[in-house]
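J.: Give me a model of this one.
(2 chains)
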Amino acid sequence: MEEKLNERHKDFLRLIVEEDIRTNKYGGKVITRFPPEPNGFPHIGHAKSICLNFGIAKDYNGVCHLRMDDTNPTTEDMKYVEALKDSIKWLGFDWNDKLFFASDYFGKLYDYAVRLIKMDKAYVCSLSEEEIRKYRGTVTQAGKESPYKNRSVEENLDLFARMKAGKFQNGEHVLRAKIDMASPNMKMRDPLLYRIKHAHHYRTGNEWCIYPMYDFAHCLSDYIEGITHSICTLEFENNRELYDWILDELELELPRPYQFEFARLSLNYTVMSKRRLLELVEQKYVSGWDDPRLPTLAGIKRRGYTPESIINFCESIGIAKSNSTVDFAQLEFCIRDDLNQKVPRVLCVMKPLKIVIENYPENKVEMLDAPYYPHDVPKEGTRKLPFSREIYIEQSDFMENPSKGYFRLALGQEVRLRHAYIIKCEQVIKDETTGEIVELRCTYDESTKSGLRAEAAGVALPTRNAVTGEQPSSGADNSGKKVKGTIHWVSAQHAKKVEVRIYDRLYLVENPDGPEDLNPDSLQVLTDCYIEPSVAEEKIDDRYQFERQGYFYRDPINSVGDKLVFNRIVPLKDSWGKAMAKQQNPS
RNA sequence: UGGGGCGUCGCCAAGUGGUAAGGCACCGGUUUUUGGUACCGGCAUCCGUAGGUUCGAAUCCUCCCGCCCCAGCCA
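T.: Got it, this is the predicted structure:
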């Protein structure tokens, strides 16, 4: 663990934490926090922050709090705190008993506000919202002081108490910090600390009608919890001066927390903002917060991504301060890399083309032994794969006029059926009216049965090499025949019909603006797919590699009874497809 | 135009005065009964630009250019 940390590159935040430990700034303690506002579903950008905050705590023997930053009653909801908790747990992090709510501090926060008033560092301002905006000035022009800035401490105390007591309407008064209306930092121009909102809060109900603003609540919540390192995203850099001002002016007992900022995650071909995500869900562009095309953690989970792959992704992208947009390919690499080592391989035909093997006996069925894992994955397990006279192959695995370099089936050509025999295409049968290829007549070569040579040598078929841990490929036969291509197939009478959902990127462009940039083909539902029976009968995993196609996840919600629905998590890399695409559209 | 940040390979990202790590992507090749995986090799004479300091600079100084954030009673 320690060693792993040392060999890994340390980001600038970890360097700061190490320095603070070294100088004993907090008595060696490290307490971070993940502080979401429960007003939307967490997405992969939150995952970056979760991995950072919980990760630092884990690396330095500290703890990480989960704190709901729930200071705005009009947008927050318990369903979002549940979604947040679910996602953090799914990622594998644990806040133990450190679940907090800023709303639990409302009483303390109020007391701090009173203290600030008594120190003559805050005042009740009775300007209208419109006036406050005007008085604030602009980025290039200084603001001007509120006429209410010189109210007496007593009057401020009285007004603030009456604000709390509900004596005023929304917007009549606000509490402001007494700082500097000419500050070059807009955040320091007498920022609002409290506003009146006669609104029902999802946790405190109607107990309060004044609510603290983010800048006031956040730093003090950190302080109350004993946070040492308050890590947030870049857009809060301007708020740091105010964070420091509040904690310093209150003359709190030290040590106190300090804020550090890092760049939030952006991913191309998707959107991350709450507003955009909400729009997609509410306008029904997607099926819900857990739509597998969404970058929400609920969607990513539903798609079939593993938590490990997301954590690896978050570690692979690094932590820095420059705004950056990570390529989607990076995420896809992480999930392939994870699943490649974990998941059983099975055969599934998605766009079936029927083949009749003319020289294979009509009623014969062979149960082939097929290893679940390839020779280079050190896991054990096999299943029985039924083979018979009528099978389905993928439509794309046959070409009437094969292009150069095509290794699959063509008239008069041979191809290997994975785990089975080499077949040769003898005849193409087309629909008389449409000309569409409806069936292929083939012959098989009995001597090409996969594994024959091993059997002949008396070796039990899927035995792992004791030294390398590798399984033998099911390749060897004793025909001496060599074919370039191997394709997947399924026995027509044994296959199970399943639904497969093919997901593609949600947007057509790298930096999408709105619904006009959506990819109309982001979801393709295939209802006529055939999968080998072991998947329905054995269910050895929730995720599979459908050989030569990709990684798939049994949809936990729509797979009901004996109906199976699979979501494509990510396709396999496809160098042939890429070459073909390049040939057609060289650029 | 004020203030706060950031600019190193197509995308991330190390580097903090001693002569450009790594990952992804991409391009070759080997292995392969997944056109997958694995493996081997290639991929920034250059660090936004222009000057300067220095024996020596991506790293220090100066100018300029570009991008992001701040004018919610959102967080």
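J.: quick one: low-confidence parts of the stretch 351-500 of chain A?
T.: Scanning the stretch 351-500 of chain A with the threshold set as pLDDT under 70 gives A:453-476, A:478.
J.: Can you pull the residues of it lying near RNA strand B?
T.: Counting by C-beta under 7 Å from any atom of the strand, the stretch 351-500 of chain A comes close to RNA strand B at A:374, A:376-377, A:405-408, A:416, A:418-420, A:448-451, A:473-477, A:485-487. Using the backbone N, CA and C atoms, a C-beta is placed for each residue, glycine as well.
J.: From those residues, which land in helices?
T.: Among those, no member falls in helices (criterion: DSSP state H).
J.: Show me how to select, in ChimeraX, the buried members of the residues you listed.
T.: Buried residues among those (16 or more other C-beta atoms under 10 Å), as a ChimeraX selection:
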select /A:377,406,407,408,416,418,419,420,448,449,450,451,474,476,477,485,486,487
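J.: Can you list which of the residues of the stretch 351-500 of chain A next to RNA strand B are found in strands?
T.: A:416, A:486, A:487 (DSSP state E).
J.: Contact partners for the last one?
T.: Contact analysis of residue A:487 by C-beta atoms under 8 Å, 6 or more residues apart in numbering lists A:393, A:394, A:397, A:408, A:409, A:415, A:416, A:417, A:418, A:548.
J.: which one of those is nearest residue A:45?
T.: residue A:548 (33.5 Å; C-beta to C-beta).
J.: tell me the SS of the closest one?
T.: coil (DSSP: H, G, I helix; E, B strand; the rest coil).
J.: burial of it, as a residue count?
T.: 18 (other C-beta atoms under 10 Å).
J.: Excluding chain neighbours, what is closest to it?
T.: For residue A:548, ignoring the flanking residues on the chain, the nearest one in space by C-beta to C-beta, 6 or more residues apart in numbering is residue A:488 at 5.6 Å.
J.: Now do the same contact list for that neighbour.
T.: Residue A:488 sits in contact with A:347, A:348, A:349, A:393, A:394, A:397, A:417, A:418, A:546, A:547, A:548, A:549, where contact means C-beta under 8 Å, 6+ apart.
J.: Would you check that the fifth one makes contact with residue A:355?
T.: Going back to what we said before, that points to residue A:394. No. Taking contacts as C-beta atoms under 8 Å, residue A:394 lies outside contact range of residue A:355: 10.9 Å.
J.: quick one: terminal-to-terminal distance for stretch A:30-38?
T.: 25 Å (C-alpha to C-alpha, to the nearest Å).
J.: Do that stretch and RNA strand B come into contact?
T.: Yes. Against RNA strand B, stretch A:30-38 shows contacts by C-beta under 7 Å from any atom of the strand at residue A:37.
J.: can you list the weak-confidence ranges in chain A?
T.: Ranges of chain A meeting pLDDT under 70: A:1-7, A:453-476, A:478, A:587.
J.: switch to 50 and redo it
T.: Flagging of chain A using pLDDT under 50 yields the residue ranges A:1-3, A:458-474.
J.: can I see the domain layout of chain A?
T.: By the assignment in automatic domain parsing, chain A contains the domains A:7-266, A:279-340, A:345-494.
J.: and of these, who's closest to residue A:535?
T.: Across the domains of chain A, closest to residue A:535 is domain A:345-494 (C-beta to C-beta), at 5.4 Å.
J.: How far off centre is that closest one?
T.: 36 Å (C-alpha atoms, centre = their mean, to the nearest Å).
J.: same check, this time on stretch A:561-568
T.: The answer for stretch A:561-568 is 21 Å, by C-alpha atoms, centre = their mean.
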